[in-house]
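**Student:** Take this sequence and fold it.
(2 chains)
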Amino acid sequence: SQQGEEDPQALSIQEGENATMNCSYKTSINNLQWYRQNSGRGLVHLILIRSNEREKHSGRLRVTLDTSKKSSSLLITASRAADTASYFCATNLNAGNMLTFGGGTRLMVKP
Amino acid sequence: NAGVMQNPRHLVRRRGQEARLRCSPVKGHSHVYWYRQLPEEGLKFMVYLQKENIIDESGMPKERFSAEFPKEGPSILRIQQVVRGDSAAYFCASSEGAGNQPQHFGDGTRLSIL
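**Tutor:** Numbers count the residues shown, from 1 in each chain, chains lettered A, B, ... in the order given. From the prediction side, this is the model:
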């Protein structure tokens, strides 16, 4: 099974609302990263949070990390139609440099 | 600065042919990763390379698949004797260093096997 599992798998909201996506993982991590993928495109890095950090902000994005629960959340505030995309969490394990991705949350923001 | 460049964007092959996917990392990045993505799924790690060395190929099938990152030129992912199940999007990423570094992704090569 995958290291990262996102929840929900799909989310539909109105413009201006907040969107919260969750990610759970199984093993110890070095860091956790969130990426966005627009249809037919590559992944765009959003935020990297290290295992010793609890919260990070970047513009309208807020990421939390709870290593005791092996979970992370991504909050997008005041969503826009342009935020419509798939969002993936990825874990970087202590042993290596590769990323292990979850299945993603498909976010649709309606204008 | 150019990001990660992958070509071709789309590649169609018949069963039994060879597929070569190319990736030029961000200028100055010496760490390259290849991932595979099936429709509606997340990316699956295949191989991690530094210049001229394969560091981790644990996600790459032992048969038919190979990867290289020569001293000069792009990284190449090569799939020999392709089968229908190889149809997927293949993404390349690069990073400046190891550890706590974000990875920068290309737009992928969509491989279709007839």
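**Student:** so residue A:108 touches residue A:12, yeah?
**Tutor:** Yes - look at residue A:108 against residue A:12 with CB atoms under 8 Å: they come within range, at 4.6 Å. For the C-beta atoms, the positions are set from N, CA and C on the backbone; glycine is no exception.
**Student:** buried set for the worst-scoring helix or strand of chain A on mean pLDDT?
**Tutor:** Least confident helix or strand, chain A: strand A:5-7 with a mean of 83, by mean pLDDT, DSSP states H and E. Buried positions in strand A:5-7, judged by neighbour count with 16 or more other CB atoms under 10 Å in any protein chain shown: A:5-6.
**Student:** And stretch A:18-33, by the same measure?
**Tutor:** Using 16+ other CB under 10 Å as the test for burial, stretch A:18-33 gives A:19-25, A:29, A:31-33.
**Student:** can you list the residues of chain A near chain B?
**Tutor:** Residues of chain A lying near chain B by CB under 8 Å from any CB of the partner chain: A:2, A:4, A:30-31, A:33, A:35, A:40-45, A:48, A:50, A:88, A:90, A:92, A:96-104.
**Student:** Among the residues you listed, which lie within strands?
**Tutor:** Among these, the residues falling in strands (DSSP state E) are A:30-31, A:33, A:35, A:43-45, A:48, A:50, A:88, A:90, A:92, A:99-101.
**Student:** what sits against the residue nearest to the spatial centre of chain B?
**Tutor:** Geometric centre of chain B, nearest residue: residue B:34, 3.6 Å, by CA atoms, centre = their mean. Under the criterion of CB atoms under 8 Å, 6 or more residues apart in numbering or on different chains, the neighbours of residue B:34 are B:23, B:46-47, B:60, B:67, B:75, B:77, B:90-93.
**Student:** Which one of those residues is nearest to chain A?
**Tutor:** Nearest to chain A out of those is residue B:91 (CB to the nearest CB; 5.8 Å).
**Student:** OK, contacts around the closest one?
**Tutor:** Contact analysis of residue B:91 by CB under 8 Å, 6+ apart lists A:42-43, B:6, B:34-37, B:43, B:105-106, B:108.
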